[in-house]
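S.K.: pasted the sequence and its predicted model underneath.
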Amino acid sequence: MTAFPMEVLDSSKRQGHVKITDVPENPPPDSEKGIQTTSPNRDLKSKLLNAVERYWLFEFFGWTLALGCLVGTIALLAVHNGREAPTWTLHVGRGRYRKTFGLTINTIISVFATAFNSGLLIPVAASISQLKWIWFQKGRRPLAHFQKFESASRGPLGSLILLWTLRCRRLACLGAVIVIAALGTGFSFQALVVYPLQPVQVDVARIQRTNLDWGSNSLSEYSAHLLLNLPALTPTSPYSAQPTDRAGRFLATSLSNDMVGAIYSGIYQYTELSQMKNVSCPTGNCTWLETYTSMAVCSACHDVTASLKKSCGTALVPGQDDGVHPASNVSLPYCNYTLPNGLNVSGVPAVNYSSIDISSNTGNSIHFDADTALSVLSIIQTTWGPAVDGKGDATAASDIMGIADKQAFECGVYYCVQKFNTSVSRGTLSERVVDMYTTGRYDSATGVYALEPPASWTNHSNADSANLYQSNNLGLIRDFFSTQWLGQVLEYGTPPENKPTTSVALFMWALFFEQNPFQQFTQMFASLAKSMSDTIRSYSYTTDAIPAGLGAVYQDKPHVQVRWGWVALPAALLGLALILLVGTMAATARDKTLLWKGNSLAAFSHPLTSDARAVVTDVHSPREVLRIAEQMDVKWEKTDRGFRLVQ
C-alpha cells in the first residue's frame, strides 16, 4: 500500500512542492534501519547545481556563448577586411584515412552563426517558460495559455501565436519577438561579408625596350666595345653577323625584312596602330608603376602650302579642235609652284596635268633637320580647272585647263627617345608617351647616330650607359625611303619615265579624297613611326645597360569586404535577450515565483486540482482538450496540498 507521510506533506506546503514516496505496509523496526550518510562530493555537487539553477548561470552561459560568437565573428572580419580572402586546411585522420578539408571565412562564420543562435535561445526559452508560471500566478488565465507559452519557447510558430494571444503587451512577448527574429541571424551573419574581385600582384611583367637600332643583324663583340663601350651584346635571333671593316665599323647592307614589313604595314594599315608584341603579361592585366624609356621613331606633319614659291609666265598651247573651228595655238598665262627642297609642279596647260607630286629629298626641308631626319616626304597636290574664259573665242579655250587650287604637306620620321606610362588591361596594351627628346648627333666616321638627353631629362636608372641611345641604321632607312617617296599621279595623260605613277603615289593621291587630308597624313605617319618603333624594340638584344621595363602582373582575386550594417540584427537580439533575462529574474524575485523555468516535471508537482481534472478526465481527443482548456480559467496558487492550478 502507498501512503503519504504527514511530515512529507507538511514539508511540501512549506517548500511549495510535493515529494512522493512509497511506504511499505510493514516497515522494518528501527533497529533494522540502516544509517544513511551523505558524501561530501555529493553535497558539493548539489550545491553547485542549486547555484546554477538559482542564479541562472546556465542561461548566462548561453548568452555569453552568443556574445563570444558575435565578438569572434567581428574580430575575424576586422582582421581580414580589405585583404585577400583566406583559405585554411583542416586535416582529419591518419595514414590512408587522412582527409583534408578546406575552410573559408564563410565556413567559420556559419559555425559562429549556429553557435550564436543556440546560445541566444537558451536564456530566451528559459525566460519564456518562467514567465509562464508568473503569468498564471498573477491571475486567472485560460488553461490553453499554458500550451501557448510552451510552444513559444520552442519555436517561431508558437511565438507568433503567443504574440497574438498577449497582444504584445507582456514581457513574454519580447521573448517571442527574439525567437522569431532569430530566424534571420543566419542570413545576417552570411550577409556580413562579400567577396569583390580586386587585382593582386602575382608576377613581374616585362616589356621590351632598346637603346640601340642595329637592324636585325648581330653585333660583333669588338664592334660593340668599339662603338658603344658596352658589354658584349648577345642576340637571341639567329641572324648572320653584319660585315665590318678593319676598324670594326659596320658596312652598309640592305634594310632588314622585318623593318621593310613594318614600314609597309605602317603606311597601308595606318588606321590600325600596331601593338607592341614583346610584352610579358600572362594574366592580361599588368601595370608599370614607374615610367621607362626606349629608343623609338617619332613623326610630324606640317602644312607647307604657304611655303610654295609661285613663278608665272605665258605659254603658247595648242587649241583643241571642236570640229567646227580649226585648232590654233593660244597664248595662256600659267604658274608653277615649287617647295624649298626643289619639288615642283608645272602649271603649263596641255603639258602637265599633275594631280600630286611626291619627293623624298631631305635637303632644304622646312621643318626637319637634314642630318638627323630618317626620311622626309614632300607632297604637292593640285586641282585643275578652266584656265581662261573662252567665250567668244574662235578656239575652244574654255576646254584648256590650269591649276585652280593647290596644297602642300611635309611629313617626316626621325629617331627619338620616349618615356612611357604603360598598362595592360584585359589583354590590351596601353602605352602612353609622357615625355620625349630628339636631340642627337651623327658621327660620319663611325656611321653612328647618337641621341643625347637634355639637361632636364630624368631617368630612373643610374647606370653609366642608361641614357645612351645609338643607331647605325640611319643610312639604310634613308636609302629605302628614297626609293619609296617617288612618283606622281596625273589627271590626264601618261607620266614621264623619271616620275612614274607608283603604288605609294596612288595611295597618297587617294588620301586627298578623304575628309581632312592633312589629318589623314598625320595619322599615317604616326602609324609608320609606331610600327618602326615596335620593330626596333623587338630586336631581342639583352644588355646590362637597358634591360626590359619591369612592371607588375595582376590577377583578380576575391577580397574580403565587410558590410558592418548587417551586424545590427544579432547585436540587437543579444541586447534584447539580456533585457529579457534580467527582467525575468527581477519578476521572479519580486513575485517570489518558484524557479521551474521549462522543467517538464513541474506539471507532475503542480497538477490541476481534482475538480478541474474531473472535467478533462473523459476527454481523449487533443482538439477537445484544447477546446475545454480555452474555456477553463485557472490560477497557480498555493493550497493545503502545495501549489496547484486551481480552477
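M.R.: Right, received. Where do you want to start?

S.K.: what stretches of this protein score poorly on pLDDT?
M.R.: 1-39, 214-253, 274, 317-328, 349-352, 386-401, 447, 456-468, 492-499, 540-546 (pLDDT under 70).

S.K.: element containing Gly385, please.
M.R.: Applying DSSP states H and E as the criterion places Gly385 in strand 373-386.

S.K.: adjacent strands (with direction) for that strand?
M.R.: Using DSSP bridges, strand 373-386 pairs in its sheet with strand 354-359 (antiparallel), strand 401-425 (antiparallel).

S.K.: adding distance to Ala602, write those out as TSV.
M.R.: To be clear about C-beta, it is placed using only N, CA and C from the backbone, and glycine gets the same treatment. What follows is the strands paired with strand 373-386, written out as TSV (distance: least, CB to CB, whole Å):
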stretch	distance to Ala602
strand 354-359	110
strand 401-425	71
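
S.K.: out of those, which gets nearest to Ile134?
M.R.: Relative to Ile134, the nearest member of the strands paired with strand 373-386 by CB to CB is strand 401-425, separated by 68.1 Å.

S.K.: out of the strands paired with strand 373-386, which is closest to Thr293?
M.R.: With CB to CB, the closest approach to Thr293 among the strands paired with strand 373-386 belongs to strand 401-425: 5.0 Å.

S.K.: now the helix or strand encompassing Phe187: buried residues?
M.R.: Of the helices and strands defined by DSSP H and E, Phe187 is found in helix 185-191. Using 16 or more other CB atoms under 10 Å as the burial criterion, the residues of helix 185-191 that qualify are 185-186, 188-189.

S.K.: tell me the gap between it and the middle of its chain.
M.R.: In this view, helix 185-191 has its centroid 26 Å away from the chain centroid, taken as CA atoms, centre = their mean, to the nearest Å.

S.K.: give the partner strands of the next helix or strand after that helix in its sheet and their orientations.
M.R.: Helices and strands here follow DSSP H and E; after helix 185-191, the next one along the chain is strand 193-194. Strand 193-194 has the following strand partners under DSSP bridges: strand 561-562 (antiparallel).

S.K.: how close does Leu157 get to Asp591?
M.R.: Distance, Leu157 to Asp591, using CB to CB, to the nearest Å: 29 Å.

S.K.: can I get the CA coordinates of the helix holding Phe187 in CSV?
M.R.: The C-alpha coordinates for helix 185-191 follow below in CSV (Å, rounded to 0.1, in the frame of the first residue of the first chain):
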residue,chain,number,x,y,z
THR,A,185,20.5,35.6,-37.8
GLY,A,186,22.0,33.0,-40.2
PHE,A,187,21.3,35.2,-43.2
SER,A,188,22.6,38.3,-41.3
PHE,A,189,25.9,36.6,-40.5
GLN,A,190,26.4,35.4,-44.1
ALA,A,191,25.4,38.8,-45.5
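
S.K.: and the contacts of that helix?
M.R.: For helix 185-191, contacts defined as CB atoms under 8 Å, 6 or more residues apart in numbering pick out 73, 106, 109-110, 112-114, 116-117, 120, 563, 566-567, 569-570, 573.

S.K.: for stretch 290-308, buried residues please.
M.R.: Those buried within stretch 290-308 under the rule 16+ other CB under 10 Å are 291-302, 304-305, 308.

S.K.: now Thr383, nearest residue through space, not along the chain?
M.R.: Take Thr383 and drop its neighbours on the chain: the residue closest to it by CB to CB, 6 or more residues apart in numbering is Asp405, 4.1 Å away.

S.K.: residues in contact with that neighbour?
M.R.: Asp405 touches 382-383, 385, counting by CB under 8 Å, 6+ apart.

S.K.: ditto for Trp164
M.R.: Contacts of Trp164 by CB under 8 Å, 6+ apart: none found.

S.K.: that one: helix or strand, and which one exactly?
M.R.: Using DSSP H and E, Trp164 sits in helix 156-166.

S.K.: buried residues of that helix, list them for me.
M.R.: Residues of helix 156-166 classed as buried by neighbour count (16+ other CB under 10 Å): 158-163, 165-166.

S.K.: what packs against the helix or strand just after that helix?
M.R.: Note on helix 156-166: by DSSP H and E, the next helix or strand toward the C-terminus is helix 171-181. Applying 3 or more CB pairs under 8 Å, 6 or more residues apart in numbering; DSSP states H and E, we find helix 171-181 packed against helix 105-137, helix 144-152, helix 156-166, helix 568-591.

S.K.: who touches helix 171-181?
M.R.: With CB under 8 Å, 6+ apart, helix 171-181 has contacts from 120-121, 124-125, 127-128, 131-132, 135, 149, 152-153, 155-156, 158-160, 162-163, 166, 569, 573, 576-577, 579-580, 583-584, 587.

S.K.: next, the angle helix 144-152 makes with that helix.
M.R.: Using axes from the mean of the first three to the mean of the last three CA atoms, to 10 degrees, one finds that helix 171-181 and helix 144-152 are set 30 degrees apart in direction.

S.K.: gap between Val71 and Leu574?
M.R.: Counting by CB to CB, the gap from Val71 to Leu574 is 10 Å.

S.K.: equivalent analysis for Leu65, please.
M.R.: 11 Å.

S.K.: and the two? which has more neighbours close in?
M.R.: Using other CB atoms under 10 Å as the criterion, Leu65 and Leu574 rank with Leu574 on top: 20 against 16.

S.K.: surely that one and Gly68 touch.
M.R.: No. The criterion here is CB atoms under 8 Å, and Leu574 misses it with Gly68 at 10.6 Å.

S.K.: which helix or which strand is home to the residue nearest the centre of the chain?
M.R.: Per CA atoms, centre = their mean, the C-alpha nearest to the average position across the chain is that of Gln198, at 4.7 Å. In this assignment (DSSP H and E), Gln198 forms part of strand 197-207.

S.K.: just checking: what are the partner strands of that strand?
M.R.: Here strand 197-207 is paired, per DSSP bridges, with strand 279-280 (antiparallel), strand 549-558 (antiparallel).

S.K.: would you list the buried residues of helix 185-191 in a markdown table and tack on distance to Val448?
M.R.: Converted to a markdown table, these look like this (distance: CB to CB, whole Å):
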| residue | distance to Val448 |
| --- | --- |
| Thr185 | 77 |
| Gly186 | 75 |
| Ser188 | 73 |
| Phe189 | 71 |
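
S.K.: what's the most distant pair in those?
M.R.: Pairwise distances across the buried residues of helix 185-191 peak at 7.2 Å for Gly186 and Ser188 (criterion: CB to CB).

S.K.: how does the protein divide into domains?
M.R.: 58-92+99-192+562-602, 259-556 (automatic domain parsing).

S.K.: in TSV, list these along with distance to Val52.
M.R.: Listed next are the domains of the chain as TSV, based on distance: least, CB to CB, whole Å:
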stretch	distance to Val52
domain 58-92+99-192+562-602	6
domain 259-556	53
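
S.K.: to Gln208, which of the ones you listed lies closest?
M.R.: It's domain 259-556; of these, that one is closest to Gln208 (CB to CB) at 3.4 Å.

S.K.: quick check: end-to-end length of the closest one?
M.R.: 38 Å (CA to CA, to the nearest Å).

S.K.: ok, stretch 78-93 next?
M.R.: End-to-end span of stretch 78-93 (CA to CA): 32 Å.

S.K.: would you indicate which residues of it are buried?
M.R.: By neighbour count on 16+ other CB under 10 Å, the buried set for stretch 78-93 is 80, 85.

S.K.: got it, and stretch 59-74?
M.R.: For stretch 59-74, the buried set under the neighbour-count rule, 16+ other CB under 10 Å, comprises 59-60, 62-63, 65-67, 69-70, 72-74.
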